[in-house]
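S.K.: Okay, predicted coordinates and the sequence, questions at the end:
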Amino acid sequence: MNTPAAPDDSAFRRLGLIYGSSAYLLWGLLPLLFAAAAPTSALELVANRVIWALIICAILLVFARGFARTWAIMRSGRTFWLLALAAVLIAINWTTFIYGIDTGHLVEISLGYYLNPLISIGLGVVFLGERLRHLQWAAVGFGLVAVIIVGLGLGRVPYLAFSVALSFGFYGLVKNKVGGRIGALEGMTVETAILAIPSLAYLGFLAAAGTQTFTGFGALHVVIVLATGPATAIPLILFGAAARRIPLSWIGMLQYIAPTLQFIIGITILGESMSVTRWIGFLIIWIAVILLCTDMIRQSRRPPTTG
């Protein structure tokens, strides 16, 4: 009797690599969508993003038959409140991200996403009791030097970079506390549902004041704002599919695709200026990135320890 063939592990991982690369490519290209949404402000765009993303999630839940699981999360007590905290953190991240694009600081935002893995490492040490390896210590040191140099080039503390890095770092920490008990789609549905109430209230306020920009700027502008929904949901779904197929070290290296694209878009398409000091700062942060990637590769090649 013939036994069924085992799944092709290399093809499985290759598909995961495609999913992961696609997710980070889309995240890296998001600034073009948000820049095209002008004159919609950051807060109004985030509110629209929440509402349309929730609608996309609801549609996907129909096909995934996930409403019962989502309702169970809503009634879960601790998990629900952790997701509520995650929702606040991701709203801060989104608002800062779009505000940075609106005000011509996308390069600084990209610095924040380069810093995010370093922030996550620091949070792991403080809150999860993790211990740093030598290359991680070196990467953190280079990251701190890079921030100081970029700050000198800006003439101020790079608060936008810190805002996106810290908000997303703490978001990851909270999601770590939630663990693998819930799916990415269900978790995102709960987070956007929590944000939907203040988002609807804010959009209603703008409509009553006559200052909303969803309509009045042509059909193309309406399409662009509507597109923020799938642009929010699709990369997260791709990321979830990738995370189940490829090692965490691969995910760790893929994440640098997004800030690199954001950096390129900022200086080439959006025309942001780069002083010599800022170039030096970014060269140093790229050294930190190389150190972290080297550490990830080394760890992935080590055989698992047995207890």
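M.R.: Happy to help now that I have it.
S.K.: Tell me which residues are up against stretch 165-177.
M.R.: Outside of stretch 165-177, the residues within contact range by Cβ atoms under 8 Å, 6 or more residues apart in numbering are 82-83, 85-86, 89-90, 92-93, 96, 112-113, 115-116, 118-120, 122-124, 127-128, 187. Where you see a C-beta, it was placed from the backbone N, CA and C, and this is true even at glycine.
S.K.: Narrow the residues you listed to those that are buried.
M.R.: 82-83, 85-86, 89-90, 92-93, 96, 112-113, 115-116, 118-120, 122-124, 187 (16 or more other Cβ atoms under 10 Å).
S.K.: and the contacts of stretch 165-177, which of them are in helices?
M.R.: 82-83, 85-86, 89-90, 92-93, 96, 112-113, 115-116, 118-120, 122-124, 127-128, 187 (DSSP state H).
S.K.: so how far is stretch 187-202 off the chain centroid?
M.R.: 17 Å (Cα atoms, centre = their mean, to the nearest Å).
S.K.: What residues of it count as buried?
M.R.: 187-196, 199, 202.
S.K.: Show residues contacting that stretch.
M.R.: Taking Cβ under 8 Å, 6+ apart as the rule, stretch 187-202 contacts 43-44, 46-48, 50-51, 53-54, 57-58, 61, 66, 70, 73-74, 80, 83-84, 86-87, 90-91, 175, 178, 182, 233, 236.
S.K.: make it 6 Å
M.R.: 47, 50-51, 53-54, 57, 70, 73, 83-84, 86-87, 91, 236 (Cβ atoms under 6 Å, 6 or more residues apart in numbering).
S.K.: Serialize these to a markdown table and add fields for distance to T294 and pLDDT.
M.R.: Shown next, in a markdown table, are the contacts of stretch 187-202 (distance: Cβ to Cβ, whole Å; pLDDT from 0 to 100):
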| residue | distance to T294 | pLDDT |
| --- | --- | --- |
| A47 | 41 | 93 |
| V50 | 38 | 93 |
| I51 | 43 | 94 |
| A53 | 36 | 91 |
| L54 | 40 | 93 |
| C57 | 38 | 91 |
| T70 | 40 | 91 |
| I73 | 38 | 89 |
| L83 | 35 | 91 |
| A84 | 38 | 93 |
| A86 | 31 | 90 |
| A87 | 35 | 92 |
| A91 | 35 | 92 |
| L236 | 28 | 80 |
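S.K.: Can you say which two of those are spatially most distant?
M.R.: Greatest spacing in the contacts of stretch 187-202, by Cβ to Cβ: A47 and I73 (22.9 Å).
S.K.: which of those two has more neighbours?
M.R.: A47 (28 against 20; other Cβ atoms under 10 Å).
S.K.: mind listing what the more buried one touches?
M.R.: Per Cβ under 6 Å, 6+ apart, neighbours of A47: 199, 202-203.
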